[in-house]
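Asker: model the following, please.
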Amino acid sequence: MKTINKILKYSLIFLLGIVSYQCAFLESLKPPQIIIQIIEKFIRDSKGEFTYEQITAIKFNFYYETDGAIIAVCKYPTLVSPAVIELDFNVWEIQSDIERKATIYHELGHCLLHEGHRDSYFKDHCPTSLMNTYSTTEGCLKKYWKYYVKELFIYSGVR
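Answerer: Residues are numbered from 1 along each chain as shown. Now for the predicted structure:
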């Protein structure tokens, strides 16, 4: 019995250490106002398919990536935790408003619409979808924004 108690004690200490380590590098917040505004636009663009409560049930975290290779990620919900969208704070800080909106829409495409990546391109080398693996230029986003939003919701079967 003493051995089991020791194992449980050290397991708990280990798990608390992991949680503390993650908390030191992952800043969990109520979504900042800019994300709330993007969520409200997403709801309008989905023509009411999603509610504010559904989307804000997803947690938004900022982390600090060292190389900027991954600018955001959707971690799907589990039995013990909600979906989480993690955003690289260093990239977020330098993105334009439309790039931020595209990043949030892309990750909501994963978390809410369960969409994978779609990697095809127009003749002008702009992606044909917000669900492209790679982020796109501000010019492409401005040029194709209405198309991207329509494609996101139609492809996923929301509209």
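Asker: quick check: residue 151 touching residue 129?
Answerer: Yes: if you go by C-beta atoms under 8 Å, residue 151 and residue 129 touch, sitting 5.6 Å apart. Where C-beta positions appear, they are placed from N, C-alpha and C, glycine not excepted.
Asker: list the buried residues of the helix or strand hosting residue 36.
Answerer: Element membership for residue 36 (DSSP states H and E) is helix 33-45. Buried residues in helix 33-45, defined by neighbour count with 16 or more other C-beta atoms under 10 Å: 35, 38, 39, 42, 43, 45.
Asker: which one is the second one nearest to, not counting chain neighbours?
Answerer: To tie it back to what came earlier, the one meant is residue 38. Nearest residue to residue 38 in three dimensions, chain neighbours excluded: residue 104, at 4.6 Å (C-beta to C-beta, 6 or more residues apart in numbering).
Asker: do the same with the fifth one
Answerer: On the basis of C-beta to C-beta, 6+ apart, the spatially nearest residue to residue 43 that is not a chain neighbour turns out to be residue 50, at 5.6 Å.
Asker: which residues in this protein form strands?
Answerer: For the chain, the strands defined by DSSP state E occupy 26-29, 59-63, 72-75, 84-88.
Asker: now distance to residue 135 and mean neighbour count too, for those strands, in a markdown table please.
Answerer: Rendered in a markdown table, the data for these read as follows (distance: least, C-beta to C-beta, whole Å; neighbours: other C-beta atoms under 10 Å):
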| stretch | distance to residue 135 | mean neighbour count |
| --- | --- | --- |
| strand 26-29 | 21 | 12 |
| strand 59-63 | 17 | 18 |
| strand 72-75 | 9 | 18 |
| strand 84-88 | 11 | 21 |
